[in-house]
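Engineer: My questions are about this predicted structure, shown below with the sequence.
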Amino acid sequence: MRTYRLEEFGGIEELTVREMPISKPGRNQILVRVRATSLNRRDTMILNGTYPLTPRVGIVPLSDGGGEVVAVGGDVTRFAVGDRVTGSYFARWIDGRMHPGVVDQLGCTLDGMLSEYAMLDEQWAVRLPGHLSWQEAATFTCAGLTAWSALTGAEIPKPGQWVLVIGSGGVALFALQFAKLMGCRVAAVTSRAQKADRLRALGADVVIATAETPEWGIKLREATGGIDLVVETGGPASFAQSLIASALYGRIVLLTVHDQNGKSVEIPGAVYQRSLVTIGRLFVGSRSALEAMLAAVATHRLKPVIDKVFPFAEAREAYRHFQQGDVFGKVVIDGA
């Protein structure tokens, strides 16, 4: 089988294709024929050697992928040949709270999905909704679950409350879609005015182009009466404005702490001292949360937004396209 590996870290040229034998699954393993994968920001950080969790040398990259089970070990009970599955981002985190014993991640410390076949422990996988194409099914593990966790974590926003999303990447668009499913109103900010209509078509009630309104926080607060939940993916570039836009008792789920230049988020004291906003963090989610999210996706027949699809042989080009930053939704790599 053909499989991509990261033998070293530091750039796209380190992503290489290898021919490897197809192993037989162990007692509790499933062999998955991978039909599609997708990219997340953490994958470019792993590639460039800037990810906070040290990746294993020679790792198969990408946490996100969908495929069908083609062989199972003798003690497997959760799946059968023919099942459609995806992996769980934190493979060993089944339920409950995060702790140091469950930090292993697909595509980082455990082999990921950018391969013709992936070997997974049966506990590391979940079933996929039947209405999704392979390309669509490959997009939920990281960005989808991060957005879901942001909306269903400590305090679920109530119907009619305002949720703010930043940009048009995978997490932002999933958050927009999930918020609308929950009956929330959604505000979106984008750096490019030409994306405004596409965000409105997905359900955004208010859209502001930051290039035209760089001090967008006060304008958004005036338009909405204050944002109840910010899914903050912009980091240092947008955090201060998100804080200004927030309601007195709003919440900000801070997902991006540093920008590409290493600048960190700073809390503007003059703004925060007038606020009772709660600032929280999260790390994607557990397998049980992934299953709950996919159940909602199946019930509502939700489909993700896909920016562009690349063939398996052009994985490097997919990384390049993703890294240039001007995407609207998920960047997908078809299976070989």
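Structural biologist: Alright, I've got the coordinates. Residues are numbered from 1 along each chain as shown.
Engineer: Show me what the helix or strand bottoming out on mean pLDDT in the chain packs onto, helices and strands only.
Structural biologist: Lowest mean confidence among the helices and strands of the chain (mean pLDDT, DSSP states H and E): helix 269-272, at a mean of 89. With contacts defined as 3 or more Cβ pairs under 8 Å, 6 or more residues apart in numbering; DSSP states H and E, the packing partners of helix 269-272 are helix 239-245. No exception for glycine: its C-beta is placed from N, CA and C like everyone else's.
Engineer: How about residues contacting the helix it packs on?
Structural biologist: 164, 166, 187, 189, 215-218, 220-221, 224, 226-227, 230, 232, 234, 252, 254, 265-268, 271-272, 275, 277 (Cβ atoms under 8 Å, 6 or more residues apart in numbering).
Engineer: of those, buried ones?
Structural biologist: Among the contacts of helix 239-245, those classed as buried by 16 or more other Cβ atoms under 10 Å are 164, 166, 187, 189, 216-217, 220-221, 224, 226-227, 230, 232, 234, 252, 254, 265, 275, 277.
Engineer: Put the alpha carbons of stretch 295-304 into CSV.
Structural biologist: What follows is the C-alpha trace of stretch 295-304 in CSV, where atoms were taken according to Å, rounded to 0.1, in the frame of the first residue of the first chain:
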residue,chain,number,x,y,z
ALA,A,295,-25.7,11.5,15.8
ALA,A,296,-26.8,15.1,15.5
VAL,A,297,-25.3,15.3,12.0
ALA,A,298,-27.2,12.2,11.0
THR,A,299,-30.5,13.4,12.4
HIS,A,300,-30.3,16.8,10.6
ARG,A,301,-28.6,15.4,7.5
LEU,A,302,-26.0,18.2,7.9
LYS,A,303,-23.3,18.4,5.3
PRO,A,304,-19.9,20.1,5.8
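Engineer: next one: that stretch to chain centre, how far?
Structural biologist: A distance of 16 Å separates the C-alpha centroid of stretch 295-304 from that of its chain, computed with Cα atoms, centre = their mean, to the nearest Å.
Engineer: Also stretch 83-102?
Structural biologist: From the chain centre to the centre of stretch 83-102 is a distance of 14 Å (Cα atoms, centre = their mean).
Engineer: Let's see the distance spanning it from one end to the other.
Structural biologist: Across its full length, stretch 83-102 reaches 25 Å end to end, with Cα to Cα, to the nearest Å as the criterion.
Engineer: And that stretch, what's buried?
Structural biologist: Using 16+ other Cβ under 10 Å as the burial criterion, the residues of stretch 83-102 that qualify are 83-93, 102.
Engineer: and the two most separated of the residues you listed?
Structural biologist: Checking these against each other with Cβ to Cβ, the farthest-apart pair comes out as 84 and 102, at 24.8 Å.
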